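**Q** Prediction below, plus the sequence it came from.
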Amino acid sequence: MSDAPETVRPATKRIRSEQDHSKASTKASENNENKEDHQDDDWLKEPPFSVGADRDGWETKWRESCWCGKVAFVYNDDPAGSKICHCEDCQRLHGAPYQHSCIFHKKNVRLDSDADPKWLGFLSAHGEVHPLSSTPTPLPRKISCRACGSPLMDEGRNMIMAFPPAFEWTRTHKEVKKAKEEDRKGNHGEEGDSGKGARKVQGFPEELKADCHIFYERRCVDVKDGLPKWRGHKEKSDLMKDDEK
């Protein structure tokens, strides 16, 4: 018998669920379930939701949506800044090596008119952690889609940090062609905000690109992109080289 320590995890006992998870059953459950109707809640009238707010002078420049499409936000201005964060909180909360976020003032964002507020999810991931909620938890908080789980933004007192990978930009030449065809047909999302500001150029928008990395010492991967790498917060810590430990 080998003297080596046992490192193999014991087999997991699998328990078969009695719930039907088929697409048809899920859809039926979704339609029949008594979900909250938040349309008249006061918090929905405040930024960054602004449901029912005056639309005069508003012109959508960017649209951000979750994976399943139930939640979307629109923006009428470019971000004030953008960064890539390598801290453990961002890694765990996003399940990714780092978080790319853009900073917007709350007045420049609102819930898309096609989105249903019942799918908004709130999480205060600091101090005493609150469970994911369908109504706002204490600031600062993260906002996501309760249907598919996609993270959409971090909300603070005056600003929000949105996640550019969730923005709608033309990733392929086929999408550019489709956007141009829709533009010629006059399809600009008259029933809501969807489709407005559709880009006719392929590739990640310059306006959303990051200007630095923060908490780079805690990184999972080296990133050689020529951007400043801060050991901690921007301009409040040392600068690092791309492969510095």
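**A** The structure has been received and is ready for your questions. A quick note: this is a predicted structure, and the numbers were derived from the prediction, not measured.
**Q** What pLDDT does the model give residue 31?
**A** pLDDT for residue 31: 52.
**Q** So for the protein, the centremost residue is which one?
**A** With distances taken as Cα atoms, centre = their mean, residue 152 lies nearest the centre of the chain, 2.0 Å away.
**Q** That residue reaches residue 166, doesn't it?
**A** Yes: taking contacts as Cβ atoms under 8 Å, residue 152 lies within contact range of residue 166: 5.9 Å. C-beta: built from backbone N, CA, C; applies to glycine.
**Q** ok, and for stretch 113-126, which residues are buried?
**A** For stretch 113-126, burial by neighbour count (16 or more other Cβ atoms under 10 Å) applies to 114, 115, 117, 118, 119, 120, 121, 122, 123, 124.
**Q** Return the residues in contact with the closest residue to the fifth one other than its chain neighbours.
**A** Just to be clear, that refers to residue 119. Nearest non-adjacent residue to residue 119, counting by Cβ to Cβ, 6 or more residues apart in numbering: residue 70, 4.3 Å away. For residue 70, the residues meeting the contact criterion (Cβ atoms under 8 Å, 6 or more residues apart in numbering) are 115, 116, 119, 145, 147, 148.
**Q** How about residue 161: which residues does it bridge to?
**A** residue 103, residue 154 (DSSP bridges).
**Q** what about residue 179, how many neighbours?
**A** 20 (other Cβ atoms under 10 Å).
**Q** got it, and residue 40?
**A** Residue 40: 9 neighbours (other Cβ under 10 Å).
**Q** the strands in this protein, which residues?
**A** Assigned by DSSP state E, the chain shows strands spanning 62-65, 72-75, 81-85, 99-105, 109-111, 120-123, 141-145, 151-155, 159-162, 213-214, 229-230, 239-240.
**Q** Which one, of those, ends up nearest to residue 202?
**A** With Cβ to Cβ as the measure, strand 62-65 is the member of these nearest residue 202 (16.5 Å).
**Q** what helices or strands is the closest one leaning on?
**A** Counting contacts by 3 or more Cβ pairs under 8 Å, 6 or more residues apart in numbering; DSSP states H and E, strand 62-65 is packed against strand 72-75.
**Q** Neighbouring strands of the strand it packs on in the sheet, and parallel or not?
**A** Here strand 72-75 is paired, per DSSP bridges, with strand 62-65 (antiparallel), strand 109-111 (antiparallel).
**Q** gap between that strand and the chain center?
**A** 11 Å (Cα atoms, centre = their mean, to the nearest Å).
**Q** Touching it from outside, list them.
**A** 48, 60-66, 104, 108-112, 114-115, 152-153, 162, 193-194, 196.
**Q** Need the buried ones from these selected in ChimeraX.
**A** Command for ChimeraX that selects the buried part of the contacts of strand 72-75, burial taken from 16+ other Cβ under 10 Å:
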select :48,60,62,63,64,65,66,104,108,109,110,111,112,114,115,152,153,162,193,194,196
